[in-house]
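Visitor: missing the sequence, but the structure's below:
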């Protein structure tokens, strides 16, 4: 009887461990949530357009993430009331890292089309969903 109980406890624990999301998945969900919070606080009128990688090739994902991280530093808050939320979100996104396969990408940030900050954030979220 004791062996049976131990077996069930071990099988239950192993099932829980296998069902837990990976650390990377949790990190990506946090970045996506942060971007959703950042969206309404970003100034979208009378601002600099940002180079926005869309559908980067497989070997260029790390370059695209770098372009997005550099672009987020150019974003501006819509008003001073949103500044605290905005600053916190920018800090979280700036710490985001992605390690690609290590191939050299032939595209630079400047080779991508410029878009508004809202479109920029939407494309960044789409990229993270792909990764």
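Guide: Arrived safely. All of these numbers come straight from a predicted model, not from anything done at the bench.
Visitor: going forward, measure contacts between C-alpha atoms and count neighbours the same way
Guide: OK.
Visitor: contacting residues for residue 56?
Guide: residue 64 (Cα atoms under 8 Å, 6 or more residues apart in numbering).
Visitor: Could you tell me whether it really is in a strand?
Guide: No. Counting by DSSP: H, G, I helix; E, B strand; the rest coil, residue 56 is not part of a strand but coil.
Visitor: Dihedrals phi and psi, it?
Guide: Main-chain dihedrals, residue 56, degrees, to the nearest 10: phi -70, psi 150.
Visitor: Okay, it and residue 62: tell me how far apart.
Guide: Relative to residue 62, residue 56 is positioned 9 Å away (Cα to Cα, to the nearest Å).
Visitor: what do the two both touch?
Guide: With Cα under 8 Å, 6+ apart, residue 56 and residue 62 have no common neighbours.
Visitor: ok, which stretches of the chain are helices?
Guide: Assigned by DSSP state H, the chain shows helices spanning 2-19, 23-38, 61-72, 83-94, 117-130.
Visitor: Out of those helices, which one sits most buried?
Guide: Of these, the one with the most neighbours on average (mean count of other Cα atoms under 10 Å) is helix 61-72, at a mean of 21.
Visitor: which residues touch that helix?
Guide: Residues contacting helix 61-72 (Cα under 8 Å, 6+ apart): 50-53, 56, 90, 93-94, 96-100, 105, 107-109, 120, 124.
Visitor: Alright, calling it a day.
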